[in-house]
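Colleague: fold the following and give me the result.
(2 chains)
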Amino acid sequence: MLLFLCKRFVGLIALLIVLSTLVFFFTRSLPGDAAALYIGGNAKPEQIERARIELGLDKPLVVQYKRYMGRLIHADMGISLRTHRPVFKDLMEKIPMSFELVLWALFIAAFFGVSFGVIAAYFQGSMIDETIKWFTSAAVSIPIFFLALLLQLFFFNYLGWFPLQGRIDSFLEFSNPIQNITGFSMVDTLIAGNFKAFFNVSWHMVLPVTALFVGPMGIIARLTRSSLLDVMDQDYILAARASGISEGVLFFYYGLRNALSPVLTVIGLSVALILLATFYVEMIFNWPGIGYYSLAAIMSLDYTALMGVTLMIGTVYVIANTIMDILRRIVDPRIK
Amino acid sequence: MNNITLNKNLKPASEVEPVLKVRDLNVAFNIPRGQAKILEGVNFDLFPKEILALVGETGSGKSVTARSLLNLIPGRSGETKGQVLFAENDLLLMSDKELQRIRGNRISMVFQNPQSSINPVFTLGEQIFRLIRLYLSAAVEDLKQKTHCSQKQAIETIAKEKLNEVGLTDIKRTLKLYANEISGGMAQRYRIAMALISSPEILIADEATSALDVTVQAHILKLMKDLCKNKQTAILFITHDLGIAAQICDRVAVMYAGRIVEIAETKKIFANPLHPYTKGLLKAVPKLGKNEPLSFVPGIIPDLVNPPVGCRFHRRCDHIMNICRKQKPESLKFEDNHNVSCFLYKQNHKENRHE
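Modeller: Presented below is the predicted three-dimensional model:
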């Protein structure tokens, strides 16, 4: 296990090096003058020149690359062209906000996806199965941004049950402000005993989390169903049934554990899916997380911030898949 | 191992009550082309302590017979009709709950591919412990009282004992292994131990030795035979290998295209095969040392969606008569313990031959 983790860690480092190199050269080949963007509009040419020297943009590309990689080791990703703050600091502030959405969406997608898949497989061919099949196909095929807009239309506009956007109601932001402890607003408000803000924040999270979890949940449910049905046709299930094991134990204990391995892989992959979806979900719901930050960075050609975000997503992705691989090893001892 | 051994105490049907009676068993599978009539009117008795072989070529319905005895054919894929009488009850009419009390407890089954019939994600120990808790709770309690050990230790002791019986060694280590870490022979020994945990009245061995190499096969056969003798278990031994049937079985039933065409004591069927299909099968067994071309039964098993009318063998038969195309042959008693379903042996049809 330790060896496996070491291998994964080395793999992660290698991936980050390749990724940062690619991102570095790709963003530099984009049109637009970074120094001009940094200094802002209506700047005089000599001011732009000064900014260029300040940012080191006057040096050859290879020198810039060396300097960038050298700084990266110290978690220094440079200065954001848009916010004029260190990118790393920006990311550390934004990541928890997004992860709050991502983790909830992932957890709900995994829990309900597996549950619906198991129920559909158990009642194979029945009305329940058909309903779940229809529902999950719809969930998989609806574009996330469209779903997000529909949610706003129904639950804010028509029903008024949930807020349109934002993280917390503005009046609460002043009366019961969120203290920044972990960066996760729900955790922070709970620790601080700030229940009013806690419920308000949770209430604000419902719609964006829903927009994020529906698609992955559909994929996980469909895969769980087919994987489980496949397992239930195997010889060892027949043999166990012939030895008098009850159907319940067969299905939920013997069968499910066998079926779970591919499902865990897909749950790992949905991390990437959800992370990508946060880009527009955060935009639509005006959620101040990493997605919103990246989109703004893209709009203003803020390449230092983009490089930071890319590296961060790569890291998260590798970590998520490592966790899933560890779980798969626990579930299925054949994976070695 | 090579001599034909017969259970001398075996009494004919009239004197001993069979432990399992199969009456007019019909199984049809729904496939896209229509309904495949896999089994049609299968009848046989299994007597206590005997070993009955069910032989036939691939697709003759041996395994389906075995599975339908425990009602293991899922309702959505097929239809099972007829009666399987066990201890005065029809197994085909039982609910899942009632069947669970029979399956693995009073009628056990061993399958063809031992490794794939062991759950790959649980250790061998976890799987046998579950069955011991299920069937031997009394013995576990007993052992706990006697030796003052924990529940877990008691179960492990019994598991060791059961696995020792089937000739597995180094059991402490074996219990921690997974299905992919043991050989086919070990796996089948383990499956047999699992099947015999509750000392069942019947063991159904569905091609239990076909996937094993010959030396392992011989060990497993001897093991099954000895264990069942000790535990007074009757065996329904399904095989395509006539040599095995000759070695260990008391009686042989020959199946063809979903029907039993001939059933007799092993000695009689090998000395005096009656049905043209049985004759062909016996001729097709290769003989060592004789340099003659391999004999076979010409033709293939008929399409079971549209099976031949009358005798299902008539298209491949050398002795075809008019009646074979029209009427289903009934089982005729040729002599004691020897029945055959063929019009050749029905006196009044003799003159019909080769018309």
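
Colleague: mind listing the strands for chain B?
Modeller: Counting by DSSP state E, chain B has strands at residues B:20-31, B:34-46, B:51-55, B:78-86, B:89-90, B:107-110, B:202-206, B:234-239, B:251-256, B:259-265, B:332-335, B:338-340.

Colleague: can I get those strands in TSV with mean neighbour count, distance to chain A and mean pLDDT?
Modeller: For every residue, glycine as well, the C-beta is placed using N, CA and C. Listed next are the strands of chain B as TSV, based on neighbours: other Cβ atoms under 10 Å in any protein chain shown; distance: least, Cβ to the nearest Cβ, whole Å; pLDDT from 0 to 100:
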stretch	mean neighbour count	distance to chain A	mean pLDDT
strand B:20-31	18	13	89
strand B:34-46	20	17	88
strand B:51-55	27	17	91
strand B:78-86	18	14	87
strand B:89-90	14	16	88
strand B:107-110	28	4	91
strand B:202-206	25	8	91
strand B:234-239	25	13	91
strand B:251-256	26	20	92
strand B:259-265	25	22	91
strand B:332-335	14	33	82
strand B:338-340	22	29	87
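
Colleague: most centrally placed residue in chain A?
Modeller: A:Leu275 (2.7 Å; Cα atoms, centre = their mean).

Colleague: local confidence estimate at it?
Modeller: Per-residue pLDDT puts A:Leu275 at 87.

Colleague: who does the helix or strand containing it touch, helix- and strand-wise?
Modeller: Secondary structure from DSSP states H and E places A:Leu275 in helix A:256-284. Packing partners of helix A:256-284 (3 or more Cβ pairs under 8 Å, 6 or more residues apart in numbering or on different chains; DSSP states H and E): helix A:87-122, helix A:144-151, helix A:195-232, helix A:290-299, helix A:303-331.

Colleague: who's in contact with the second one?
Modeller: If I follow you right, that is helix A:144-151. A:162, A:207-208, A:210-212, A:214-215, A:277, A:280-281, A:284-285 (Cβ atoms under 8 Å, 6 or more residues apart in numbering or on different chains).

Colleague: again, only this time at 7 Å
Modeller: Defining contact as Cβ atoms under 7 Å, 6 or more residues apart in numbering or on different chains, one finds that helix A:144-151 is touched by A:207, A:210-211, A:214-215, A:277, A:280-281, A:284-285.

Colleague: buried residues, stretch A:5-20. List them.
Modeller: A:8, A:12, A:16, A:19-20 (16 or more other Cβ atoms under 10 Å in any protein chain shown).

Colleague: my bad, should have said stretch A:229-246
Modeller: A:229, A:231-232, A:234-245.

Colleague: what parts of chain B come near chain A?
Modeller: With Cβ under 7 Å from any Cβ of the partner chain as the criterion, chain B comes near chain A at residues B:70, B:72, B:76, B:96, B:100, B:103-105, B:108-109, B:111, B:113, B:116-121, B:131, B:134, B:178, B:180, B:194-195.

Colleague: now the helices for chain B?
Modeller: In chain B, the segments counted as helices under DSSP state H are B:62-69, B:96-102, B:124-135, B:137-147, B:151-165, B:171-174, B:184-196, B:214-231, B:242-248, B:266-271, B:276-283.

Colleague: let me see the mean pLDDT of the shortest one.
Modeller: In this model, helix B:171-174 has an average pLDDT of 90.

Colleague: dump that helix to PDB, keeping only the CA atoms.
Modeller: Only the C-alpha atoms of helix B:171-174 are listed here, as PDB (Å, rounded to 0.1, in the frame of the first residue of the first chain):
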ATOM      1  CA  ILE B 171      -5.900 -24.800   6.300                       C
ATOM      2  CA  LYS B 172      -5.100 -21.800   8.500                       C
ATOM      3  CA  ARG B 173      -3.500 -20.200   5.500                       C
ATOM      4  CA  THR B 174      -6.100 -21.400   3.100                       C
END
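
Colleague: quick check: buried residues in it?
Modeller: B:171, B:174.

Colleague: name the surrounding residues that touch it.
Modeller: Residues contacting helix B:171-174 (Cβ under 7 Å, 6+ apart): B:124, B:160, B:163-164, B:168.

Colleague: which of these has the most neighbours?
Modeller: B:Leu124 (26 neighbours; other Cβ atoms under 10 Å in any protein chain shown).

Colleague: hmm, it is touching B:Asn180, no?
Modeller: No - using Cβ atoms under 7 Å as the test, B:Leu124 is too far from B:Asn180 to be in contact (11.1 Å).

Colleague: circling back to that earlier point, ok, so of the contacts of helix B:171-174, who is nearest chain A?
Modeller: Relative to chain A, the closest of the contacts of helix B:171-174 is B:Leu124; by Cβ to the nearest Cβ it sits at 11.8 Å.

Colleague: low pLDDT regions in the chain?
Modeller: Picked chain A for this. For chain A, applying pLDDT under 70 flags the ranges A:170-179, A:181, A:336.

Colleague: sorry, should have said chain B
Modeller: In chain B (pLDDT under 70), the answer is B:1-15, B:347-355.

Colleague: show me what contacts whatever residue of it ends up closest to chain A?
Modeller: In chain B, the residue that lies nearest chain A is B:Gly104 (3.2 Å; Cβ to the nearest Cβ). Applying Cβ under 7 Å, 6+ apart, one finds that B:Gly104 lies in contact with A:242-244, B:131, B:198.

Colleague: pull the most distant pair out of these.
Modeller: A:Ala242 and B:Ser198 (12.6 Å; Cβ to Cβ).

Colleague: how far off centre is the helix holding A:Leu275?
Modeller: In terms of Cα atoms, centre = their mean, to the nearest Å, the centre of helix A:256-284 is found 8 Å from the chain centre.

Colleague: can you mark which positions in that helix are buried?
Modeller: A:256-275, A:277-284.

Colleague: with stretch B:295-306 instead?
Modeller: B:297, B:301-302, B:304.

Colleague: dump those to a markdown table, plus distance to B:Asn291.
Modeller: A markdown table is the format used below for the buried residues of stretch B:295-306 (distance: Cβ to Cβ, whole Å):
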| residue | distance to B:Asn291 |
| --- | --- |
| B:Val297 | 21 |
| B:Ile301 | 30 |
| B:Pro302 | 33 |
| B:Leu304 | 37 |
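
Colleague: for these, work out which two are farthest apart.
Modeller: B:Val297 and B:Leu304 (17.3 Å).

Colleague: mind putting the contacts of B:Gly104 in TSV, distance to A:Met324 included?
Modeller: Shown next, in TSV, are the contacts of B:Gly104 (distance: Cβ to Cβ, whole Å):
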residue	distance to A:Met324
A:Ala242	34
A:Ser243	33
A:Gly244	35
B:Leu131	33
B:Ser198	40
